[in-house]
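Return atomic coordinates for the entry below.
(chains A and B)
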Amino acid sequence: MPDLLDDLDRRGLIHDSTDRASLGARMAEGPITLYYGCDPTAPSLHIGNLIGLLLLGRFQDAGHRPIALAGGATGMVGDPSGRSEERNLLDDAALTANVAVIKEQMGRIVDLDAPGAALVDNRDWTGRLTLLEFLRDVGKHVTVNQMLARESVKARLESEHGISFTEFSYMLLQANDYLWLHDHHACDLQIGGSDQWGNILAGIDLVRRVRSDTVHGLCWPLLTAADGTKLGKTTGARVWLDARLTSPYAFFQHWMRTDDADLRRFLAQFTRLPMEEVEAAVAAHEEAPQRRLGQRALAEHVTTLVHGVAEANAAGEAAGVLFGGDPRQASAAALAVVAQEVPGTSLEAGEALSGGVELAPVLVRAGLAASLSDARRQLQHQGIAVNGAKAAPDRQLGPDDLLHGRWVLLRKGKRDWAVVDAGRSRAAHDSVGPPS
RNA sequence: GGGUCGGUGCCCGAGUGGCCAAAGGGAACUGGCUGUAAACCAGUCGGCAUUGCCUACGGAGGUUCAAAUCCUUCCCGGCCCA
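Residues are numbered from 1 along each chain as shown, chains lettered A, B, ... in the order given. Here you go, the predicted structure:
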């Protein structure tokens, strides 16, 4: 087994760390307890959180003890890091629901039932902390001068939006988490994205001041895709771990579309493949980039990790049908798989194929267009294909369009597919419309 | 609390009575070229309707034939003063 820190280095996962040598020495002594926290600001984690969870897993594999923290308390306050504006606060019910989802998702990626591992919610200890205790036990150890020096605070002070006292206090809550975990779980390492570095340092300082103990921090570079956009977004929207928000098929496709330039890094950071295999996969890919072997390997690994083997296979199979060749040649069984994976709709009452069905409203229902205007625009621009063949702007759906007597495949642009299912009632089938 | 400046479409940002659904940039979408990639070129980018209507420029009122643009008031923020 190679040295863990060296391995992380090769994967490009170490952006910054507290004294590397002493951290290495501490890890060599025996199992270290480390934590990674996610705030429940949305109803699901997204692929950006995957790095941290996987990292917990990497440490676990190396014999260390991971703690996943759901920020039930910090989520109420809102982290100003990387934010140009004040956050909107979530109400209690939404927060509680989000925490439940996040906990489940964390457990899916990391084995939190293993001995030494833990899943915690910082609301459990922060919720009962009184204001006076907080001011005396935490606030007293931190100078406002230091807090003002933090980049995230500075940026907000200079912006016209300002920063509320609530968000300004955020770093103290997170620092207190570290202290609490250090006290109760002997946690000596906190990991996070580089945007968390300031918060992590605040915790390390607090532990040193209050307990005179040296604890560690490690952060990975905040990911951006090769084109400079923030990671975790496809077509402007986040890629969620929740299958209801991002279907396994869409999830799979997100990775299939990875830029060649990002392949090595993503394989290294989003999969548990040994680095030798990552290098081999990249080398194989570069032999014949047009075969997209690297993207496929990446998509299969990550989708399996998040949604399981069965879903990953189904998504891959559906992609094979859609991108393989002429969908009119596909078997009924293959189309059934596609219909499961791709967004879909069915015919409305009153829409009879024999009479010809207007395409635009169907595109909207299937989620391929945002509005009728948008749908018409796409048709006008030759952006829509029916069963793989470009559709004229006045194209209507008729009985001859049914594949295997049941399905019509619609495509927008090169890669967005949807299926019209004439064999099912609409109510049971609609599956469009995740939040943004 | 006082003064002052500001709140524009997904984001940034012009516009300061009609020619404004609102310049420009970014993002996004489609087409072309490709490898379900990148880069590049072209088009699109509030909604409904096939050249007309509706909804929009922080909220609510008002002035006017006509307001994102003027007035009143409320909410939110920056800066200065207390």
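
give me the element the closest residue to residue A:150 other than its chain neighbours is part of.
When the adjacent residues along the chain are set aside, residue A:150 lies closest to residue A:198, with 4.4 Å between them (Cβ to Cβ, 6 or more residues apart in numbering). Every residue, glycine included, has its C-beta placed from N, CA and C. Assigning secondary structure by DSSP states H and E places residue A:198 in helix A:197-211.

Not counting its own residues, what contacts that helix?
A:15-16, A:18, A:79, A:81, A:137-138, A:141-142, A:146-147, A:150-152, A:170-172, A:174-179, A:182-183, A:190, A:192, A:213-217, A:219 (Cβ atoms under 8 Å, 6 or more residues apart in numbering).

what's the average pLDDT for the helix or strand just after that helix?
Stepping forward along the backbone from helix A:197-211, the first helix or strand reached (DSSP H and E) is strand A:216-220. The pLDDT scores in strand A:216-220 average 95.

buried stuff in the biggest helix by length in chain A?
Here the longest helix in chain A is taken by residue count, with DSSP state H as the criterion, and it is helix A:92-109. When burial is assessed from 16 or more other Cβ atoms under 10 Å, helix A:92-109 yields the following buried residues: A:95, A:98, A:99, A:101, A:102, A:103, A:105, A:106, A:108, A:109.

And the second one, how close does it get to residue A:38?
This points to residue A:98. Residue A:98 sits 10 Å away from residue A:38, taking Cβ to Cβ, to the nearest Å as the criterion.

coming back round to it: quick one: mark the members of the contacts of helix A:197-211 that sit in strands.
Among the contacts of helix A:197-211, the residues falling in strands (DSSP state E) are A:16, A:190, A:192, A:216, A:217, A:219.

now these in JSON lines, with neighbour count and distance to RNA strand B?
Formatted as JSON lines, the ones in strands among the contacts of helix A:197-211 follow (neighbours: other Cβ atoms under 10 Å; distance: Cβ to the nearest atom of the strand, whole Å):
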{"residue": "A:16", "neighbour count": "14", "distance to RNA strand B": "27"}
{"residue": "A:190", "neighbour count": "30", "distance to RNA strand B": "30"}
{"residue": "A:192", "neighbour count": "24", "distance to RNA strand B": "25"}
{"residue": "A:216", "neighbour count": "22", "distance to RNA strand B": "35"}
{"residue": "A:217", "neighbour count": "23", "distance to RNA strand B": "30"}
{"residue": "A:219", "neighbour count": "24", "distance to RNA strand B": "26"}
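
Just the element for the closest residue to RNA strand B within the stretch 101-250 of chain A, please.
Minimum separation of the stretch 101-250 of chain A from RNA strand B (Cβ to the nearest atom of the strand) falls at residue A:162, amounting to 2.2 Å. Residue A:162 belongs to no helix or strand when assigned by DSSP H and E.

ok, it - how many residues close by?
12 (other Cβ atoms under 10 Å).

repeat for residue A:250
Neighbouring residues of residue A:250 were enumerated by other Cβ under 10 Å; the total is 21.

Could you look up the SS state of it?
Per DSSP: H, G, I helix; E, B strand; the rest coil, the local secondary structure of residue A:250 is helix.

Next up, phi/psi of the residue lying closest to residue A:102 once chain neighbours are set aside, please.
In space, residue A:102 comes closest to residue A:70 once its chain neighbours are excluded; the distance is 4.9 Å by Cβ to Cβ, 6+ apart. Recorded main-chain torsions at residue A:70 are phi -100, psi 130, according to degrees, to the nearest 10.

Output the set of residues of the stretch 51-200 of chain A in proximity to RNA strand B.
Along the stretch 51-200 of chain A, the residues adjacent to RNA strand B under the rule Cβ under 7 Å from any atom of the strand are A:84, A:157, A:160, A:161, A:162, A:163, A:164.

As TSV, the residues you listed with distance to residue A:391 and pLDDT would be great.
Rendered in TSV, the data for those read as follows (distance: Cβ to Cβ, whole Å; pLDDT from 0 to 100):
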residue	distance to residue A:391	pLDDT
A:84	42	61
A:157	54	77
A:160	48	70
A:161	46	72
A:162	51	76
A:163	51	81
A:164	52	82
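
Can you tell me which of these is nearest residue A:374?
Compare each of those with residue A:374 using Cβ to Cβ and the shortest gap goes to residue A:84, at 29.1 Å.

Quick check: closest non-adjacent residue to residue A:121.
residue A:72 (4.4 Å).

Just read off the phi/psi values of that neighbour.
Note on residue A:72: its backbone torsions stand at phi -60, psi -30 [degrees, to the nearest 10].

now swap in the one 4 residues further on and tell me
Note on residue A:76: backbone dihedrals following degrees, to the nearest 10 are phi -70, psi -20.

Verify the contact between it and residue A:96 for me.
No: the pair residue A:76 / residue A:96 is not scored as a contact, 10.5 Å apart, by Cβ atoms under 8 Å.
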